[in-house]
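1. need coordinates for the following:
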Amino acid sequence: MRLPVVVGVDGSESSLRALDWAAAEAARSRLPLRIVHASLWEHYEGLRPPVDPAHPVEQVLAERLVDSARNRVRGLRPEVEVEADVQPEDPVAALVRESHEAAAIVLGSRGRGRIAGMLLGSVGLALAGRSHCPVVVIPARPPRATAEPGRVVVGIGDAAEPAPAAFFALTRAASRHGELIAVRAWRGPAHALLNRQPLPGSPEPTHRRKAEEHLEAVLAALTAQDGSGTLVHRTVTQGPTHQVLIEAAEGAELLVVGARRSSGWHGLQLGPVDHAVLHYAPCPVAVVPDTYAHRS
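-> As a prediction, this is how the structure comes out:
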């Protein structure tokens with residue numbers, strides 16, 4: 001089943017960057033693209049008399065917006081099958097519903113209106129915490145450094161087996177005919193955190209060796225199920241995980257992290273690492289639920 005890449009648009013410059021990224025991703029993956037604009041325009045129409053009751057002003061503007069987005073994709077990526085939809089609904093609720101039947105959802109990190117000045121808009125953060133499929137957040141500004149073509153970075157956590165984020169990252173690297181950088185962060189004892197030399201008999205080498213062994217075991221299981229032949233690099237670095245990943249993402253096309261499913265109504269539990277990379281990573285960030293199974 002060819003699930004679409006879904007992109008949320010709102011007419012902002014940030015959403016145009018997300019639209020272009022999503023169109024390129026759909027073309028690489030040979031998937032259809034679905035453009036969605038969702039807003040509660042019907043709730044606000046009563047504040048002013050509509051010019052044409054059958055076609056409210058906000059609905060007309062929304063339809064023009066998605067038509068413009070569809071035409072933009074057809075001009076940039078004519079090979080991509082594209083459809084567009086306007087939904088009179090809360091954007092987060094609409095995109096969460098879309099996530100049940102999507103290969104990924106893409107959106108910009110900043111929206112229109114009063115949240116435009118925020119580093120990460122409320123829609124992006126809420127969606128990353130509730131989506132049933134990977135969510136890719138595109139930075140509002142171009143990266144500082146030119147990205148290495150095809151470079152995808154993924155954070156490897158504590159689990160003994162490859163997480164869905166690792167499989168997603170490997171697939172994205174393969175579709176780009178690029179390389180995967182698998183990053184494992186580790187923390188040393190107190191003297192290491194204080195930038196002191198290891199003491200005689202220090203457990204620091206043991207910490208590093210265990211991190212290296214864990215990374216090798218996870219990647220062996222990951223690549224055993226892969227037939228693409230994608231080049232995989234190993235990186236084991238001491239330091240806070242979010243800092244290590246943000247630094248590793250410099251010059252990458254995509255940074256991939258996982259998110260754990262919680263039992264509460266909040267959906268996914270976004271931890272401090274997820275929050276940090278969503279706010280500060282220099283490239284697009286994909287947040288992949290740990291319950292996600294690759295279906296595209």
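2. does Pro139 touch Tyr280 like I think?
-> No - Pro139 lies out of contact with Tyr280 (CB atoms under 8 Å); the separation is 9.5 Å. (C-beta placed from N, C-alpha, C; glycine too.)
3. so these two - more neighbours on which side?
-> Pro139 (22 against 16; other CB atoms under 10 Å).
4. which residues does the more buried one contact?
-> Taking CB atoms under 8 Å, 6 or more residues apart in numbering as the criterion, Pro139 is in contact with Arg17, Ser109, Ala281, Pro282, Cys283, Pro284.
5. now do Val73
-> Contacts of Val73 (CB under 8 Å, 6+ apart): Leu19, Ala23, Leu33, Ile35, Val80, Val82.
6. most neighbours among the residues you listed, which one is it?
-> Ile35 (27 neighbours).
7. backbone phi and psi for Glu81, please?
-> phi -70, psi 120 (degrees, to the nearest 10).
8. state the distance from the nearest residue to it once chain neighbours are set aside to Asp67.
-> Of all residues not flanking Glu81 in the chain, Pro32 sits nearest, at 4.2 Å (CB to CB, 6 or more residues apart in numbering). Distance from Pro32 to Asp67, counting by CB to CB, to the nearest Å: 17 Å.
9. of these two, which one has the most company?
-> Pro32 (16 against 13).
10. residues contacting that one?
-> So Pro32 contacts Arg2, Pro4, Val5, Ala26, Val80, Glu81, Val82, Glu83 (CB under 8 Å, 6+ apart).
11. the second one against Leu33, yeah?
-> Yes - the pair Pro4 and Leu33 passes the contact test of CB under 8 Å, sitting 6.1 Å apart.
12. please enumerate the shared neighbours of these two.
-> Common neighbours of Pro4 and Leu33, counting by CB under 8 Å, 6+ apart, are Ala26, Glu83.
13. just to revisit the earlier point, ok, so of the contacts of Pro32, who is nearest Glu247?
-> Nearest to Glu247 among the contacts of Pro32 is Val5, at 28.3 Å by CB to CB.
14. the helix or strand where Val183 lies: partners in the sheet, and parallel or antiparallel?
-> In the assignment (DSSP states H and E), Val183 maps to strand 179-186. Partners of strand 179-186 in the sheet, by DSSP bridges, are strand 151-155 (parallel), strand 231-238 (parallel).
15. quick check: the closest residue to Arg30 other than its chain neighbours vs Val288, distance?
-> Distances taken as CB to CB, 6+ apart put Arg2 closest to Arg30, at 7.9 Å, once the chain neighbours are dropped. Separation of Arg2 from Val288 (CB to CB): 19 Å.
16. tell me, how many neighbours does Pro78 end up with?
-> 9.
17. sorry, back to before: make a markdown table out of the contacts of Val73 and add distance to Leu127, pLDDT and secondary structure.
-> What follows is the contacts of Val73, written out as a markdown table (distance: CB to CB, whole Å; pLDDT from 0 to 100; DSSP: H, G, I helix; E, B strand; the rest coil):
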| residue | distance to Leu127 | pLDDT | secondary structure |
| --- | --- | --- | --- |
| Leu19 | 16 | 97 | helix |
| Ala23 | 19 | 98 | helix |
| Leu33 | 18 | 98 | strand |
| Ile35 | 16 | 97 | strand |
| Val80 | 22 | 97 | coil |
| Val82 | 21 | 97 | strand |
